[in-house]
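Undergrad: Provide a 3D model corresponding to the input given below.
(4 chains)
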Amino acid sequence: MIPLENFLILSSILFCIGFYGVLSRKNAILILISVELMLAAVGINFVAFSSFYDTERYSGHIFALFVVAIAAAEVGLALGIIIRLFRERKTINIDEANELKW
Amino acid sequence: MMNNYFLILPEISLLLTGMLILFLDAFSKELGVGRKIFPMLAIIGSLLSALLSFLLIGNNETLFDIYKVDDLTAYFRILLSLILCFLVIGSHEYNDKKITHIGEYYFLLLTATVGGIVMVAGVELITMYVGLELLSFSLYVASSSLINDKQSGEASLKYVLIGGVGSAILLFGLSMIYGSAQSTFYNDIAINFLNGDFFNLEFLLVGLIFLIAGLGFKLSAVPFHMWAPDVYQGAPTPVTAFLSTSSKAAVIGLLFRLLGGPLLGVIEYWQPLIILLSVLTMIIGNLIAIQQKNIKRMLAYSSVGQIGYLLMAFVGLSSYTLSAALFHLSGYLATNLLIFIAIIIFYTKNKENSLINDFKGLANNQPFLALIISAGLFSLAGMPLLAGFFTKFILFQAIVQNGFLWIVVIAVTMSTISLYYYLQIIKQMYLFEDNDNNCVSKWNLTPSQYIASSLLFLLVIFIGIYGTPFYSFAEQSIMVLF
Amino acid sequence: MNEIDGMLLVSLFLIPLLSAVFLMLVPSRERSFIIGFTGLSSFVMFIFSLYIFLSYDFSSTDQFQGIFAIPWVSDIGIIGLNGIQLKVGIDGIAAAMILLTGIVILAGTIVSWKITYRIKDFFILLYILVAGVFGTFAMLDLFFWFLLYETALLPMYLLIGVWGSTRKEYGAMKLMMMLVAGSILIFSAIFMIFTEAQLGSFDLELLATVDYNRNFQILVFPLIAIGCGTLGAMFPFHAWSPDGHASAPTAVSMLHAGVLMKLGAFGIIRLGFQLLPEGAAYWGPGLMFLGIVAALYGAVSALKQTDLKLMTGFSSISHMGYVFLGLGTYTVIGISGAVLQMFAHGVMTALFFLLIGAMYDQSHNRDIPNFSGLATKMPVWSIFFVIAGLASLGLPGLSGFVAELHIFIGVFQAYPIIGGLAVLTAAITATYLLRMFSTMFFGPVSSKWDKLNDMTYLERVSATILALSILFLGLWPSPWIDRIADSIQIGIPGALM
Amino acid sequence: MLSKVPLPQQFDRLIVTGGIVTSVFVILILTILLILKFVGFISYTEVFFWLISSGMIIGALASVFLKNIVHAVFSLLAPLLGIVAIYLFLGSEFLALAQLLIYGGGVVILLLFALMMTDVQDNPVVIDGSQKPVGFIIAVLIGFVLLYSIFTADIEIATPSSLSLADLGSNIFTQFLIPFLLLGILLDIALTGALLNGKKHKNLQSSDSDE
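TA: Below is the predicted model of the structure:
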């Protein structure tokens, strides 16, 4: 049997890796990937806490399900905008997309 | 248990209006409806929602344990619906001219308003989060709705990416708080936190840091504000107005629910964070605003600064400070909306460079518009006879009463500094002649523009001179938390 | 004397406010109507203020008369029962100041009729400012006091920025930022007093009954003194004043130097002396020190100036220095002298600015060495100028003498050395004024100024009003002294006889 | 359009090299874990857990550090599919299934489509931002705080319990009905947004597009 700590440590590491990605990457798709990593970490947290502690209502499971759905929707939306931006100016680097001061 | 679905009629009316607009838009050729009908429908829907919410004042019922309909919800319902209503009345000519997908656009504004209401009404973390994302998603899409404008797409991309990061951080915080309190229901969380050692302190601390950082992203509080100026500048101006009014109001409402409810028992842990956030936000927001040449960026930084004043209310949390903050919020929203509507009216006729120079000599060409813009700016700076003075006075007094004089001194200093950059706009309008002929020399406002701007103008003056009824309603709404 | 009606006091600041609102509705091309209306309105204000001054009952033992209160915000949140009221009432000091405002606004309105550029907007802003000034003098509620105080500051920016002359944007911005920064300190002080009193009320009479902790008073009094002192051009905080005066239009200079600066000193008396007597007594010598430094500094700086308006601006700083000197003595006679000086200086400096404005409109030049022989070219102008100048240097029989005499007596009672310095200041003042007279009025008539005409009739009328006030106060000061000294004895119980 | 897409070649190399790299890592970790198992430190369950979580972390690191954008997207598969196993460990079959379908099936494919429609086939190598060191320090700091809080936390010992699909469903459709309905609208909005932005707008020339 695996204790709760292990899941939490795993999720923390994934979250930090994702956060590093967000801060260091410049390509919009790669930033999106890093955000997905962070959301995956959140999902692990929710399900772990839910399975261990909240055995009456299992809100965490439902939360994780909602997070999955919303994250997928966000990817779809963001990719749509990325494609529009690429069509407008042939780049998806948010550094080069500098019509506005970043 | 029977649930009284009548209680969510305002949201239903908003959503049904949105659906109707989408439907009519999709079949506009077959049904032969013109573009004029969409703003009409949006106005009717929001007015209906405001009216229904007004009738629902005084209820105190919780649907499914997750959706609370009480006076606080009613307050925000009325606030958000009326903001939408005024915004559509004031900006539909602008939208008609610049936005191609007009049906989707109004649908998005309506769903964003629903999202904001759900954020305040939800008394459970999942519901709250879904409301937050509903609001955010609507605004992501709405800010990209200037199809031919490169800035709009870029602003939207930045908003989506940084909004996504903010959501992820917020969610991590929520998961830690869930792990600490072992429930997502506000009532259970409050009970667990009040029970002392039943919760896990380390998780709670981490959760609070991430929660406040995540909400800081949504509020554009310093140091999480970097997206705000870009998005404000790139988005269509009505969406910018919505961003700086409704979306801020909804997050503040969420903070009322969350910090004044389940997290009230652990105030000593999050209070330092809020103080830090509030002080940084006030100082840096106002200082950066001084250098801005673009009016939308300047207003973005100014609204960052204004958020700092609102966050102060949570520093010494009591029913007084919260009611004062709610009162100040309403005054701030009316003022900010007034300025934005005036700017939208201006750019409906003139070429949109969004520079402060555009407003050169406006006092000669269009005295009414210049008057309401300067009234709005003076009100934001907290000058007397206008809403900003009275509401800020009450708010600051309440915070001093709770023993935080030093933070109020910072706030008052910053609001003086803010006067400096507001005066830059007023200077352009009154002190200079329009030598380069930036703006169309003389034109008449349409009746709807007159209605929206003068009603808000009167409201700003009324709150500034006699704000007691608004304060009483705010206090009555806040009392449901205590 | 009969009682003052409180409604009269309320209407005193409602008249300019409603006039401003009414003017907004008048089309701006109706120039003659605007002139007629503002004349009527300012005349009514003058009559009301005169009536209030005359009917003030100085034999009464009540501190405030004509009290009239409308509950405004009560019993919500932190604000207790009758927390914020629209409460008016005056003592002798306020009565004198209201009369001063009435005189200056009548004169200012008359000279402003020659403005051609957007006259309507000018009068709207001017009347909002006047409403703030009247309100601040009459208000007995701290909230409304501060609200109207800020209202008086707010229109200054546009008035100077739009209708001003040299370097108007810079002058307007500097003035606005410094004055609002000063009002922050007052704002903080009001909050601290409200919190310390624990009454849940902003009522000034009620707050004055509280016995504040001595340390608290010592802490808060400087906030009020510096905050109000900024508006009163107290020495280290005067930087806005010369620039502001130099760039302001005539009527605004008159109103600003004549009345608004007195608002600062009035604030120190109303908030500082009446609420925090121990703090005032503690900081009195400091106030006095700043006062004498300002008086000397202003006089010496005026000595160096060649621009007429800048010279008058520095001379104002010097004269306001006397006011702070008088306040700092913390004796009845000193404070009375300060209030008298406020009145005397207000009328006199308004006359100065009026005359300088009349001159500048024709010549577009304010450099003293450029002029000579004006006494033959513009006799009426010169006579008025000499009256104002002699009043300024304290010639017996004119207003300045009465006031300065009181102040000097008070100072000599307390600190003889400072009294000596004050007399030295008066000597310097005489030097620069007399030097200016000899340069400008005598000598050969320069051909450059052949086209100069004497004052117009409108200017003569308004200058006469001001000059008469100067003579009146100088020859028969007892109406003022009676009202002011009694109020000080009742209102500031700690002041030494 | 398909002729422009040189993905097959890239895929060949990708699959071969990726497979080799992955199997090297897996074999390495598996050996260590099996040794630990036979020494008696850990059980088989734990062997699986460690294997999967180390795979996830390596995949995550790869997707954050790799310069080649296609490789980075493929590396994302490891953490996303690893979560499926983690959910199974926690006794939640339905969530595992949903994760597999939505992420493994949907999101990664969507990302690849987006890659195809942008310029990465010409230039798959991306340059990262200049604030890398700062980002690294911040991330490590946050990680340190998180790990510290987890290690010092006084976690009460409990056993994970599994949740049946019927319970989950009834919960969602009764108690969480309102957010569920709102979620539908949210997906609608995302769809609107993707359509609005992704669609080509040919004949819309705005009046002030003068750049």
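Undergrad: lowest-pLDDT helix or strand in chain C?
TA: In chain C, no helix or strand scores lower on mean pLDDT, DSSP states H and E than helix C:374-377, which sits at a mean of 80.
Undergrad: run through the helices of the chain in chain order.
TA: Since you didn't name a chain, this refers to chain A. Assigned by DSSP state H, the helices in chain A fall at A:4-24, A:28-52, A:59-89.
Undergrad: hmm, no, I was thinking of chain D.
TA: Counting by DSSP H, chain D has these helices, from start to end: D:7-39, D:44-65, D:69-75, D:77-89, D:93-99, D:108-117, D:132-152, D:165-174, D:177-198.
Undergrad: got these as TSV, with distance to A:Val75 and mean pLDDT columns?
TA: (C-beta placed from N, C-alpha, C; glycine too.) What follows is the helices of chain D, written out as TSV (distance: least, CB to CB, whole Å; pLDDT from 0 to 100):
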stretch	distance to A:Val75	mean pLDDT
helix D:7-39	20	78
helix D:44-65	14	90
helix D:69-75	12	86
helix D:77-89	11	91
helix D:93-99	14	90
helix D:108-117	6	83
helix D:132-152	22	91
helix D:165-174	22	87
helix D:177-198	9	92
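Undergrad: just the strands from chain C, written as ranges.
TA: Chain-ordered strands for chain C, with DSSP state E as the definition, fall at C:65-73, C:84-90.
Undergrad: tilt between the shortest one and strand C:65-73?
TA: Right, the one you point to is strand C:84-90. Put simply, strand C:84-90 runs at 170 degrees to strand C:65-73, going by axes from the mean of the first three to the mean of the last three CA atoms, to 10 degrees.
Undergrad: so which elements touch strand C:84-90?
TA: If contacts are counted by 3 or more CB pairs under 8 Å, 6 or more residues apart in numbering or on different chains; DSSP states H and E, strand C:84-90 sits against helix C:6-25, strand C:65-73, helix C:119-138, helix C:142-163.
Undergrad: can you list contacts of the first one?
TA: The set of residues that contact helix C:6-25 without belonging to it, under CB atoms under 8 Å, 6 or more residues apart in numbering or on different chains, is C:34, C:37-38, C:41, C:44-45, C:48-49, C:51-52, C:66-69, C:86, C:88-90, C:98, C:105, C:120, C:123-125, C:127-128, C:130-132, C:134-135, C:138, C:148.
Undergrad: go again with 6 Å.
TA: C:41, C:45, C:48, C:66-68, C:88, C:120, C:123-124, C:127-128, C:130-131, C:134-135, C:138 (CB atoms under 6 Å, 6 or more residues apart in numbering or on different chains).
Undergrad: may I have it exported as CSV, CA atoms only?
TA: Coordinates of each C-alpha in helix C:6-25 appear next as CSV, following Å, rounded to 0.1, in the frame of the first residue of the first chain:
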residue,chain,number,x,y,z
GLY,C,6,-28.8,78.9,10.2
MET,C,7,-30.6,78.7,6.9
LEU,C,8,-28.8,81.8,5.9
LEU,C,9,-25.5,80.0,6.4
VAL,C,10,-26.6,77.0,4.4
SER,C,11,-27.8,79.2,1.6
LEU,C,12,-24.5,81.0,1.6
PHE,C,13,-22.7,78.1,0.1
LEU,C,14,-25.8,76.8,-1.8
ILE,C,15,-26.0,80.1,-3.8
PRO,C,16,-22.7,79.7,-5.6
LEU,C,17,-23.2,76.0,-6.0
LEU,C,18,-26.6,76.4,-7.5
SER,C,19,-25.4,79.3,-9.6
ALA,C,20,-22.7,77.0,-11.0
VAL,C,21,-25.2,74.4,-11.8
PHE,C,22,-27.5,77.0,-13.4
LEU,C,23,-24.7,78.4,-15.4
MET,C,24,-24.0,74.9,-16.8
LEU,C,25,-27.4,75.0,-18.4
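Undergrad: so for it, mean pLDDT?
TA: Averaged over helix C:6-25, pLDDT sits at 88.
Undergrad: how about the helices of chain A in a markdown table, adding distance to chain C, mean pLDDT and mean neighbour count?
TA: Converted to a markdown table, the helices of chain A look like this (distance: least, CB to the nearest CB, whole Å; pLDDT from 0 to 100; neighbours: other CB atoms under 10 Å in any protein chain shown):
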| stretch | distance to chain C | mean pLDDT | mean neighbour count |
| --- | --- | --- | --- |
| helix A:4-24 | 39 | 93 | 24 |
| helix A:28-52 | 40 | 92 | 27 |
| helix A:59-89 | 37 | 91 | 24 |
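Undergrad: let's have those helices in TSV, adding distance to C:Pro222.
TA: Rendered in TSV, the data for these read as follows (distance: least, CB to CB, whole Å):
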stretch	distance to C:Pro222
helix A:4-24	48
helix A:28-52	53
helix A:59-89	56
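Undergrad: for C:Leu296, find the nearest of these.
TA: In this view, the helices of chain A are compared for proximity to C:Leu296 by CB to CB, and helix A:4-24 is the closest at 60.8 Å.
Undergrad: for the closest one, packing partners?
TA: In terms of contacts (3 or more CB pairs under 6 Å, 6 or more residues apart in numbering or on different chains; DSSP states H and E), helix A:4-24 is packed against helix A:28-52, helix D:44-65, helix D:132-152.
Undergrad: these: which one's closest to B:Leu56?
TA: The stretch from the helices and strands packed on helix A:4-24 with the least distance to B:Leu56 (CB to CB) is helix A:28-52; that distance is 33.1 Å.
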